[in-house]
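Chemist: Sharing a model prediction with you, sequence too.
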2 protein chains.
Amino acid sequence: MSQLFRSELMRGSLDLMILSVLADEPKYGYLIQQSLRDASEGKVDPKAGTLYPLLHRLEEERLIASRWEQETGRRRKWYSLTPKGKKQLQTQAREWFQLADCLGRLLTPIVRVSPEPI
Amino acid sequence: MSQLFRSELMRGSLDLMILSVLADEPKYGYLIQQSLRDASEGKVDPKAGTLYPLLHRLEEERLIASRWEQETGRRRKWYSLTPKGKKQLQTQAREWFQLADCLGRLLTPIVRVSPEPI
DNA sequence: AACCATGTATCGACCTGCTATATATCGAAC
DNA sequence: GTTCGATATATAGCAGGTCGATACATGGTT
């Protein structure tokens, strides 16, 4: 079964993941949590105590905007990317790919020597 | 010119980078710093206040071992991977590639839409 | 002699994710 | 009809890592 990533490994990537799952359409917190879990096959699963403060921080930075909705009786806070957020997503995504390149180059000879045991 | 990565983005990856540059041969702190800077084209450049506490922590966890040497009059503390450290390097490297896969899948449609401007 | 790169080390500040806890609604099972 | 689990948002306090600033010392160059 897929294991959770160490939280320390994801630090600094989580906000990027949030922005990316909001790229297509607005989502509310609980749905964002599910989207991440689904997209990562269960390996990324931020707890509520992690997710909501992060959303508040992103909103404070004007990268996302929120709106309360009450369609079916249950109140939900829908988050969407602002133009600034879309720009930030592009920038951070490119930065992340560059870091991935660097680490990939560092690590490739290492895992090549000893492949993962089944 | 190449820019430094945000420190938050590298959190949780830096110890992995340290282990990887020690994979081939022992190095002392200052040399580790240079190795990372060279391997990353200047994008990864941990400060002394970051590097040395990290090395002490890795040593405390028995992932690396140290030995003072004074060949040319200048005292240097040489660090080398322990067997436990080699194992940890393998494990963390594979974990990192998995995370890279996840984020890659999340981000690929985003950067594909708007490629990096020259 | 002054300066700079080298070399190791510690401290407090800051940021971010965690656990634990709180509140509330909805649908299903009993 | 009420108990329970999933849904849904929120806050407080804690843990851990990177930073800048600072300190000290050596070697080579000018």
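Modeler: Received it, and whenever you're ready, just let me know what you need.
Chemist: For chain A, which segments are assigned as helices?
Modeler: Here chain A has its helices, by DSSP state H, at A:7-10, A:14-21, A:29-39, A:48-60, A:83-113.
Chemist: Make JSON lines out of the ones you listed and add distance to chain B, mean pLDDT and mean neighbour count.
Modeler: Just so you know, the C-beta spots here come from the backbone N, C-alpha and C atoms, and that holds for glycine as well. Compiled in JSON lines, those are given as follows (distance: least, C-beta to the nearest C-beta, whole Å; pLDDT from 0 to 100; neighbours: other C-beta atoms under 10 Å in any protein chain shown):
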{"stretch": "helix A:7-10", "distance to chain B": "4", "mean pLDDT": "84", "mean neighbour count": "16"}
{"stretch": "helix A:14-21", "distance to chain B": "5", "mean pLDDT": "94", "mean neighbour count": "22"}
{"stretch": "helix A:29-39", "distance to chain B": "6", "mean pLDDT": "92", "mean neighbour count": "17"}
{"stretch": "helix A:48-60", "distance to chain B": "12", "mean pLDDT": "93", "mean neighbour count": "14"}
{"stretch": "helix A:83-113", "distance to chain B": "5", "mean pLDDT": "89", "mean neighbour count": "17"}
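Chemist: Quick check: which of these is nearest to DNA strand C?
Modeler: Proximity to DNA strand C, assessed across those by C-beta to the nearest atom of the strand, is greatest for helix A:48-60 (2.1 Å).
Chemist: which parts of chain A sit against DNA strand C?
Modeler: Neighbours of DNA strand C within chain A, by C-beta under 7 Å from any atom of the strand: A:7, A:10-15, A:46-50, A:53-54, A:57, A:72-74.
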